[in-house]
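Participant: based on what follows, work out the 3D shape:
(2 chains)
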Protein chains: 2
Amino acid sequence: MTAEPSAAPLIERHRATLDKALQAIRTREYWSPHPEHPKAYGDGSGLGPAEGKAAFEAVLGRRFELGPDGAEQPGTDDWTGGERSPYGIDLGVSYPHPDIDVLLPAMRAAMPSWRDAGPEARAAVCLEILARINARSHEYAHLVMHTTGQAFAMSFQAGGPHAQDRGLEAVAYAYEEQTRVPGTASWVKPQGKRDPLRLTTTFKAVPRGIALLVGCNTFPTWNGFPGLFASLATGNAVLVKPHPRAVLPLALTVRIARETLAEAGFAPDLVCLAAERPGEGLAKMLAVRPEIRIVDYTGSTAFGDWLETNARQAQVFTEKAGVNTVVIDSTGDYRGMLANLAFALSLYSGQMCTTPQNLLIPRTGIDTDAGHKSYDEVTTDLAAAVEGLLGDDARANALLGALVNPQVRERLDGAAALGKVVLASREVRHPDFPDAVVRTPVMVALDGSAPDSEAAYLSECFGPVSFAVAVDSTDAALDLLRRTVREQGAMTVGGYTTSAAVERALEEVCEEECAQLSLNLTGGVYVNQTAAFGDFHGSGGNPAANAALCDGAFVANRFRTVEVRRPA
Amino acid sequence: MTAEPSAAPLIERHRATLDKALQAIRTREYWSPHPEHPKAYGDGSGLGPAEGKAAFEAVLGRRFELGPDGAEQPGTDDWTGGERSPYGIDLGVSYPHPDIDVLLPAMRAAMPSWRDAGPEARAAVCLEILARINARSHEYAHLVMHTTGQAFAMSFQAGGPHAQDRGLEAVAYAYEEQTRVPGTASWVKPQGKRDPLRLTTTFKAVPRGIALLVGCNTFPTWNGFPGLFASLATGNAVLVKPHPRAVLPLALTVRIARETLAEAGFAPDLVCLAAERPGEGLAKMLAVRPEIRIVDYTGSTAFGDWLETNARQAQVFTEKAGVNTVVIDSTGDYRGMLANLAFALSLYSGQMCTTPQNLLIPRTGIDTDAGHKSYDEVTTDLAAAVEGLLGDDARANALLGALVNPQVRERLDGAAALGKVVLASREVRHPDFPDAVVRTPVMVALDGSAPDSEAAYLSECFGPVSFAVAVDSTDAALDLLRRTVREQGAMTVGGYTTSAAVERALEEVCEEECAQLSLNLTGGVYVNQTAAFGDFHGSGGNPAANAALCDGAFVANRFRTVEVRRPA
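Facilitator: Predicted coordinates:
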């Protein structure tokens, strides 16, 4: 701990990966150093399936020490916790509850040597943290599954390798941004016949302060890693305030980060956990502390807006609610479209911020490769596609996962009253977890011209609820799309059309309202999935989020550059 | 106007300059395509001195048409104006007063083709605007001189070539930021034995909306061009709301921009002027309009804070008040230090946001190459250096310029009451402009340990007023520096020391409090001067400004990237 920090071996270990990541954010071609298949792990390459499960079980019912040995997080005044898995298990894990007036000064004290280490060393340490997280992907899969309700396959991939990709992407952006200016420049200004003016100028990236990560319930790692690693890689300390129902995956992340930092000779308090007591409102209190200079948040619009309004001393990055639309004008692959949409609506029970909610379908029907289809045929066929996809309980469980909280279930139960149910939800029994609440999605038909339907389709109904909105025409669909994005925001927009003009009109709306568009997806890519390096998640330009994962704007204001000039 | 926009010839004309600018922001070596010597202009290379003066005189006492012919700015409901030169001339120019509800929709309507033109075409058009501004540097010199009170040489350089450099720098950053992702990417994800997933993804930079530039009185072009060109180059329309006392330089800028845009086939309403009636408070009204998505502002802390708090729908970039400090610990060039500081305190009568205000000097004196100097000797010698520099009236006029407004004069007159005057201000007569208010700077000695002095040195006293603050030691100076930057902000920090330890301690304070540091300047570079490409102006990390000119953060959030995915 008192040794001079030396990240040299880590730079050597990870520089090639960093370079590949830097290339990938420029080309935006597919790339990942983190295998997404569970079978890629084990046998010497990280924890295998059984080891991951055992590691998960070993933390249950105990205090979760953040470590490292001899350097536990300072300022613990109590232990708190009370997570219950959406699969019906009480996790029984308790976490240090911090005395903030002890913890924040300790975090500030940890920063100077981290700042002085420079962008490359910080990137290397971040990549080492990610590598250790990656090796424990099987463990993470269980932690994510039992805090979010995701099915195992998804919690493995989205909570593991894909989240790691997003973290790595943030590190690459942070490194690139900090190294756009040289460490030292020679400034020589000619002065005609007189001697030139000569200065030696140094430039140094300095952190803003302590960054607060306010985690979410559904994707604690995928949505949390970008902000965490962007802040850490730019020299800030990071205080992780997890969602009270999804502490475990981020607590393990904090533990791995602390251990890695300490081994590299840095103060482990650069990364700390702030677990809260029930109803404590710790995020609200922390977000306005003067020491907190960056906030990353994923969650409700109400609290996101509160943060943007009140945490004025901080850079605030928010992902909030939105209403995602799919415009269905026509298709050259009717079956492919139905299958693709059925999957998109079912995955994780529609509990993704990117899941489509409003399907806008002309009431006159649509032209397809299988002939003209009336509005009723489209909704009936789509309902059948979902029922087919989820007809088998094992498959349904593997796709749907469990409802993350009682509010989602209430919303699902209330959806039938909003209009005509064209696809009814059914209860699915989970063979291993009898208390898990597993439900197939509901689809409700609404009339886009009926004013009393607006309240339903113009607000987010988070969970396995979609609306088949009958509109007068594709033009009317485009108008409603525009209004929806402008007023409610959207993380994703989908479109199906065989018309070049409609395609261009969809693009035009998305360019003007700043939304990410997926066109004519009929295969194995879904509108609600984005990949690090290739895709931006959100645009940062409509009310659903004020930032995109991940671009220059996501990292550029997490640090500042201090210039020192001296006569040469 | 109805022709398809084609910026191809402009790209050809300016691509090489853009490439050099892109290189300069990376190397941060000295570079400028805009000669700073007045003699470089004329004889076929822009307006010469006489032509510039004639052009200035031709606009006086008239309506200022914004053009271009046949496409005057829409929504003019009146004419307004009332600028009076700090040199005592009524300019008599009136400007269109806009009906905002007509003007803003016209600006929005101008945006799509500008957005679709792409980053390279936008950069080329911006460079053409700058080239035309550059050719009229002699005209600008008079416009800036007679709105700001700068002396001619400074208004020529800072208001002309140096401001153009800052604008060009912003264009380079904007171009680079928008082109960090390719226009099209091919995304191919392997699927083991199955066919890979294939997408074609397009990325497009889209503007946020209408940008509002709120101009300042002292440096309308130098402080205005970065935001104007950063917003325009990223696809936004820009509404220029000048300071009521410094409309003319920005009105000419708007006219040149409109003319250039129209000639390149774009709508001139991409750049408009919003001149206000006396006391109208137009900036406050405009800043919260939903169409305004970006605000750039230089001015008082009170209004800057108001903008940051209230213009929540916009990205807000502010430069506000600060208190600039010079720590005087020791020097190896006593005469050089005195001469350098005397110049820095005198230039433009201390009316630069970067002018030093507090000189922190140990009460035990300092070691120098000319022997130990007591606190009194240092202040006396510095006062003598200022008096020597400004002893000749012609030289004094050429350095000082005129006081920009009556408030500066009141502050100067009130300074003597704050402590012991060690350098008295004297009135200088201007040979050409008898009504100009020209004053040499005042320096007041304050005791840094006396609580009743704090109110003086811990607030900005904008104008030709500096405080020689006696501190107990260099350590005490460092503490006061830290406190001053943290509480009041600072655009610049200076330091004089021969000690490596003190140098490092100064750097440490500046790194922690995020301030730009100039060390041991004794020659022809002054702490209050920064150059585009080489230097950052402000840090964006202390209360004096929330942005730096110019870095990635200054441009990255002025646009967003819209992604469209299609199966390949």
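
Participant: scan chain A for its longest helix.
Facilitator: Ranked by residue count under DSSP state H, the longest helix found in chain A is helix A:100-135.

Participant: could you point out which element follows it?
Facilitator: Scanning forward in sequence from helix A:100-135 by DSSP states H and E, the next helix or strand is helix A:137-148.

Participant: what's the angle from that following helix to helix A:100-135?
Facilitator: 130 degrees (axes from the mean of the first three to the mean of the last three CA atoms, to 10 degrees).

Participant: how far off centre is helix A:137-148?
Facilitator: Offset of helix A:137-148 from its chain centre (CA atoms, centre = their mean, to the nearest Å): 15 Å.

Participant: which elements pack onto the longest strand along chain A?
Facilitator: Determined from DSSP state E, the single longest strand within chain A is strand A:194-207. Counting contacts by 3 or more CB pairs under 8 Å, 6 or more residues apart in numbering or on different chains; DSSP states H and E, strand A:194-207 packs against helix A:100-135, strand A:184-191, strand A:559-567, helix B:500-513. No exception for glycine: its C-beta is placed from N, CA and C like everyone else's.

Participant: can I get those in CSV with mean pLDDT?
Facilitator: Listed next are these as CSV, based on pLDDT from 0 to 100:
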stretch, mean pLDDT
helix A:100-135, 98
strand A:184-191, 96
strand A:559-567, 98
helix B:500-513, 98
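
Participant: out of those, which one sits most buried?
Facilitator: strand A:559-567 (a mean of 23; mean count of other CB atoms under 10 Å in any protein chain shown).

Participant: now stretch A:535-552 - C-alpha only, CSV.
Facilitator: Provided in CSV are the C-alpha atoms of stretch A:535-552 (Å, rounded to 0.1, in the frame of the first residue of the first chain):
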residue,chain,number,x,y,z
ASP,A,535,-23.8,0.6,-31.4
PHE,A,536,-24.6,3.7,-29.5
HIS,A,537,-27.1,3.0,-26.7
GLY,A,538,-29.5,5.9,-26.6
SER,A,539,-28.7,9.2,-28.4
GLY,A,540,-28.5,11.7,-25.5
GLY,A,541,-30.6,14.0,-27.6
ASN,A,542,-34.2,13.2,-26.6
PRO,A,543,-35.9,13.0,-23.2
ALA,A,544,-35.1,9.3,-22.6
ALA,A,545,-31.4,10.0,-21.8
ASN,A,546,-29.0,13.0,-21.7
ALA,A,547,-26.1,10.8,-22.7
ALA,A,548,-25.2,8.0,-25.1
LEU,A,549,-23.2,4.9,-24.3
CYS,A,550,-20.5,5.6,-25.3
ASP,A,551,-19.2,8.6,-27.2
GLY,A,552,-16.8,11.5,-26.7
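
Participant: what is the mean pLDDT for that stretch?
Facilitator: Mean per-residue pLDDT for stretch A:535-552: 97.

Participant: what does stretch A:366-380 give?
Facilitator: Mean predicted confidence for stretch A:366-380 is 98.

Participant: and the contacts of it?
Facilitator: A:328-335, A:337, A:361-365, A:381, A:422-423, A:443, A:445, A:468, A:470, A:498 (CB atoms under 8 Å, 6 or more residues apart in numbering or on different chains).

Participant: just those that are near chain B?
Facilitator: Counting by CB under 8 Å from any CB of the partner chain, nothing from these sits close to chain B.

Participant: whichever of these end up buried, select them in PyMOL.
Facilitator: A single PyMOL command selects the buried members of the contacts of stretch A:366-380 (16 or more other CB atoms under 10 Å in any protein chain shown):
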select buried, chain A and resi 328+329+330+331+333+334+337+361+362+363+365+381+422+423+443+445+468+470+498
